[in-house]
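**Q** could you work out the structure for the sequence below:
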Amino acid sequence: MGQQTLEQQQQLPQSPSHAQQDVQDDAVTEFDLDRLGRQRPAVFSSTLEEVMFCGSILISMLMSEYFVSGFNIILPGLAGALDIPKESQTWPSSVFSLVTGSFLLPFGRLADMYGAYFIFTGGLAWMCIWCLIGGFSQNYQMLIVTRALAGLGPAAFLPTGLMLLGTTYRPGPRKNLVFSLYSAFAPLGFFIGIILGGVTGEYLSWRWWFFIGTIILFVTGLMAYLTIPNDRHQAVAARGGAKMDYLGLFTIVPAIILITFAITTGGSASSGWRTPYIPITFVIGMLFLGAAIYIEGWVAEQPLLPRDLFAAKYMKRFTLSLFFAYGVFGIFLFYASLHIEAFMGASTLQTATWFAPMAGGGIVLATIGGFTLHKLPGRVLLMISGCGCLASVLLFALIPDHANYWAFVFPAMLGATIGVDITYLVSNVFITTNVPSHRQGTAGALINSLVFIGISFFLGLADLAVAESEGAFDGENHRVAFWLAVACAACSLLLFCLVDPGKAESELTLEERMEAGLGPKKEPTASGSESSNPAPESE
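**A** This is a model prediction of the structure:
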C-alpha cells in the first residue's frame, strides 16, 4: 500500500545509470509478485503451523480487549466484594490501559533490538501470571497492583504481534486476509469480555472472569512458544547496533502517564480541574512532554520515535487522523453503553447482546476485506470508515428517549464496526508495508499507542465536557460527549480524504525496493513534490 504497483514499476523512466536500470528490471522480473503474495510463507512447514502461529497472535489481540471491556461489567460485584471506595473504583479499570499505552514504545524498541519472539511470548507469560494472581485479590490495593503489572503484558505482545505479522507476510492478498482477521479480533474480544463478564458475575464469581482469561492466555502462550520462529539472531544482525533510548524512556513514559491521568481523572475529581492535584499533575506531565520532545528531536542518537518512521508518504497526516478516529471510538464505547443502560433501561446482559453487531460485523468485514482489500483504493476505504465512524456517534447524539433499537442503536453499532475495523485494517497494512523490518516493532508500538492514548485522551475530554455542562449527569447532558465525538469524527473524515495509501496489492517489500534502488515513497515537500531521497533517514 502507498507504493507503486508492478505495472507502474515496469513503466519507470530510464535512469541515467544503465547498471541501476538493470537492477530494477531484474528486481521486477525476478518475482511473480502475485503468486508470492498469495502463497504460504516459507517459514511454515505446514498449514497447521501457520494456523497456530496466526492463532496465537490473533488471540493475543482478543485477550487485550477482553481484559478491558469485561472488567467494567464485573466491577460492581467486585467493588462490593473487596469493599472498594466509590472514589477509587475508576483506578482498577483505567490503570490497565494506562500502563499498556505508556510502555508500548519501549517494548517496541526492545523488539527491534532483540527480536519479537522473546518479547511476545514473555508478554503473554507475564500477563498470564498477573491475571491469575489478580483473581485471588484480597483487597482493592492488591487488585490495582496486579492490574497495573498485567498491563505490561499487552505493552509487550501487541507491538510484537504486529511486527511478527508484518515481517512474516509480504504485501498481497494473504497478508490482507491475516490483517483483516487481526482487526476483527479486537471487537470480538471486546464482546466476549462483556459476555463472560456478565455470565461470571451473574452465575459464578468475578474471580472466574480472571481465571477463564488466564486459561486462554496459557493456551495462547503455548501455541506461540511452539510456532513462532526465534528471530533474535536476525534482529541483532539487522538492527545495526540499535540501543534503548533511556532519556526518551524516562521522559515519554511519565509524560503519558501524568497527562493521561490528569485528563481522565479531571472530570470525576471532587472539584473537577479545580482539585489541586489535577492541574499539578497536568503541568508536571507537560514539562516531561516538553523535555521528551527536545530529547527525541535534538539529543537522542536513536529516539524511540525515529524520524524515518514517518518518511512514508502521508504518514504524518495519517497518524493524526487515526488519533482522532480512535478517540471517537473510545467515546462511543463508554457513552453508548451508558446510554443503553441508563436511558434505555437495558440490563447488563441485554447491553452486551446489543453490542453483538460490532462483533459480527467485524467478522464479516474481515472475510470481505481479506478478499477485496487489494482491489479497492485505500482512500475510498478510509472515507467509508470515516463515514461509519461519524454516523455511529451522530445517531446517539440525535437519539430520542426510549428510542427503537433497530432505528438507532443497531445502525450505530454497524457504523462503529465499519469505522474502527476498516481504519485499523488499512493502517496496519499501510504502516507495516512502508516500514523496514528493523522498524516493525516501533511501528507496531506507534499503531497501538494511537489506539490507547487516543481513547484515553478524548474520553477524558468528553468526561470534562460533560462535567462542565450545566446540572448533574442526567437528561440531555451526556449528549455533550456525543457532539464532541461528532466534531472529532468530522476532523478524522476530513483528514482521511487527504490520505491516499493506494491499494494493498502484491508488490515488492520495502527491502526489495531499496535493494533495487527504487526507494520508498516519501512525504510530499512544502512545494508539493516528493522527496527524491532513495532511502529513509537513518538514525
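**Q** quick one: residue 400 from residue 343, how far?
**A** Computed as Cβ to Cβ, to the nearest Å, the residue 400 to residue 343 distance reads 10 Å. Bear in mind the C-beta positions are built from the backbone N, C-alpha and C, glycine included.
**Q** I meant residue 374, not that one.
**A** Taking Cβ to Cβ, one finds residue 374 at 43 Å from residue 343.
**Q** and those two? which has more neighbours close in?
**A** Using other Cβ atoms under 10 Å, the more surrounded residue of residue 374 and residue 343 is residue 374, with 25 against 17.
**Q** model confidence for that one, exactly?
**A** Residue 374 carries a pLDDT value of 70.
**Q** then it would be within a helix, right?
**A** No - when DSSP: H, G, I helix; E, B strand; the rest coil is applied, residue 374 is found to be coil, with no helix at that position.
**Q** ok, it touching residue 174?
**A** No - using Cβ atoms under 8 Å, residue 374 makes no contact with residue 174, being 10.0 Å away.
**Q** how many neighbours does residue 250 have?
**A** Using other Cβ under 10 Å as the criterion, residue 250 is surrounded by 15 other residues.
**Q** below-threshold pLDDT in the stretch 401-539 of the chain: ranges please.
**A** Applying pLDDT under 70 to the stretch 401-539 of the chain picks out residues 469-476, 504-539.
**Q** repeat the analysis, applying 50 as the threshold.
**A** Across the stretch 401-539 of the chain, residues meeting the criterion (pLDDT under 50) sit at 471-473, 524-539.
**Q** following the helix or strand where residue 440 lies, which helix or strand comes up?
**A** With secondary structure defined by DSSP states H and E, residue 440 is part of helix 440-468. Toward the C-terminus, helix 440-468 is succeeded by helix 479-497 as the next helix or strand (DSSP H and E).
**Q** could you give the angle of that following helix to helix 440-468?
**A** With axes from the mean of the first three to the mean of the last three Cα atoms, to 10 degrees defining the directions, helix 479-497 sits at 150 degrees from helix 440-468.
**Q** from the contact counts, what lies against helix 479-497?
**A** helix 315-343, helix 378-398, helix 440-468 (3 or more Cβ pairs under 8 Å, 6 or more residues apart in numbering; DSSP states H and E).
**Q** could I get the full set of helices for the stretch 151-300 of the chain?
**A** Using DSSP state H, counting those that start in this stretch, the helices found in the stretch 151-300 of the chain span residues 152-168, 173-203, 206-227, 232-239, 246-266, 277-294.
**Q** other SSEs contacting the fifth one?
**A** Packed against helix 246-266, as judged by 3+ Cβ pairs under 8 Å, 6+ apart, are the following elements: helix 90-102, helix 104-114, helix 277-294, helix 440-468.
**Q** out of those helices, which one sits most buried?
**A** helix 104-114 (a mean of 26; mean count of other Cβ atoms under 10 Å).
**Q** overlap of the contact sets of residue 374 and residue 174?
**A** Shared contacts of residue 374 and residue 174, defined by Cβ atoms under 8 Å, 6 or more residues apart in numbering, are found at residue 37.
**Q** of all the helices of the stretch 151-300 of the chain, which one comes closest to residue 432?
**A** For the helices of the stretch 151-300 of the chain, proximity to residue 432 was assessed by Cβ to Cβ; helix 152-168 is nearest, at 3.2 Å.
**Q** got the angle for the longest helix seen in the chain vs helix 206-227?
**A** Ranked by number of residues, the top helix in the chain under DSSP state H is helix 47-81. Between the axes of helix 47-81 and helix 206-227, defined by the same axes, to 10 degrees, the angle is 160 degrees.
**Q** how many neighbours does residue 249 have?
**A** When neighbours are defined as other Cβ under 10 Å, residue 249 has 17 of them.
**Q** cool, and the one 10 residues further on?
**A** Other residues lying near residue 259 total 22 when counted by other Cβ under 10 Å.
**Q** what of residue 64?
**A** Each residue near residue 64 was counted by other Cβ under 10 Å, and the total is 29.
**Q** quick check, residue 434 in contact with residue 310.
**A** No - applying Cβ under 8 Å, one finds residue 434 not in contact with residue 310, separated by 10.1 Å.
**Q** which one's more surrounded, the two?
**A** Between residue 434 and residue 310, counted using other Cβ under 10 Å, the more crowded position is residue 434 (26 against 17).
**Q** could you find the closest non-adjacent residue to the more buried one?
**A** Spatial nearest neighbour of residue 434, excluding adjacent residues (Cβ to Cβ, 6 or more residues apart in numbering): residue 312 at 3.8 Å.
**Q** swap in residue 140?
**A** Going by Cβ to Cβ, 6+ apart, residue 140 has residue 84 as its nearest residue, at 4.1 Å.
**Q** skipping adjacent residues, who's closest to the residue nearest the centre of the chain in space?
**A** In the chain, the centroid-proximal residue (Cα atoms, centre = their mean) is residue 448; its distance is 3.2 Å. What sits nearest to residue 448 in space, not counting adjacent residues and going by Cβ to Cβ, 6+ apart, is residue 158, at 4.6 Å.
**Q** pretty sure that neighbour contacts residue 446?
**A** No - contact criterion Cβ under 8 Å: residue 158 and residue 446 do not qualify, at 11.2 Å.
**Q** measure residue 56 to residue 185 for me?
**A** Distance, residue 56 to residue 185, using Cβ to Cβ: 12 Å.
**Q** so what's residue 201 up against?
**A** 73-74, 76-77, 209, 348.
**Q** rerun that using 6 Å as the cut-off
**A** Going by Cβ atoms under 6 Å, 6 or more residues apart in numbering, residue 201 touches 74, 77.
**Q** for residue 292, same thing?
**A** The contact partners of residue 292, by Cβ under 6 Å, 6+ apart, come to 251-252, 255.
**Q** just the buried members of those?
**A** The neighbour count (16 or more other Cβ atoms under 10 Å) marks 251-252, 255 as buried among these.
**Q** possible to save the residues you listed as JSON lines with pLDDT and distance to residue 91?
**A** Shown next, in JSON lines, are these (pLDDT from 0 to 100; distance: Cβ to Cβ, whole Å):
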{"residue": "251", "pLDDT": "94", "distance to residue 91": "24"}
{"residue": "252", "pLDDT": "92", "distance to residue 91": "22"}
{"residue": "255", "pLDDT": "93", "distance to residue 91": "20"}
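**Q** make JSON lines out of those and add distance to residue 497.
**A** Listed next are the buried ones among the contacts of residue 292 as JSON lines, based on distance: Cβ to Cβ, whole Å:
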{"residue": "251", "distance to residue 497": "35"}
{"residue": "252", "distance to residue 497": "31"}
{"residue": "255", "distance to residue 497": "31"}
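**Q** ok, so of these, who is nearest residue 152?
**A** residue 252 (15.6 Å).
**Q** distance check, the closest one against residue 305.
**A** Counting by Cβ to Cβ - residue 252 and residue 305 are separated by 8 Å.
**Q** for residue 128, same thing?
**A** Relative to residue 305, residue 128 is positioned 30 Å away (Cβ to Cβ).
**Q** and if you look at residue 337?
**A** Taking Cβ to Cβ, one finds residue 337 at 33 Å from residue 305.
**Q** same question for residue 255.
**A** Separation of residue 255 from residue 305 (Cβ to Cβ): 13 Å.
**Q** please apply the same query to residue 204.
**A** Distance from residue 204 to residue 305, by Cβ to Cβ: 44 Å.
**Q** compare neighbour counts for those two and give me the winner.
**A** Counted by other Cβ under 10 Å, residue 204 and residue 305 do not tie: residue 305 has more neighbours, with 20 against 13.
**Q** how about the more buried one, nearest residue that isn't a chain neighbour?
**A** Here the residue nearest residue 305, using Cβ to Cβ, 6+ apart, is residue 296, at 6.0 Å.
**Q** the one you found and residue 303 touch, don't they?
**A** Yes - look at residue 296 against residue 303 with Cβ atoms under 6 Å: they come within range, at 4.1 Å.
**Q** quick check: neighbours shared by these two?
**A** By Cβ under 6 Å, 6+ apart, residue 296 and residue 303 have these common neighbours: residue 248.
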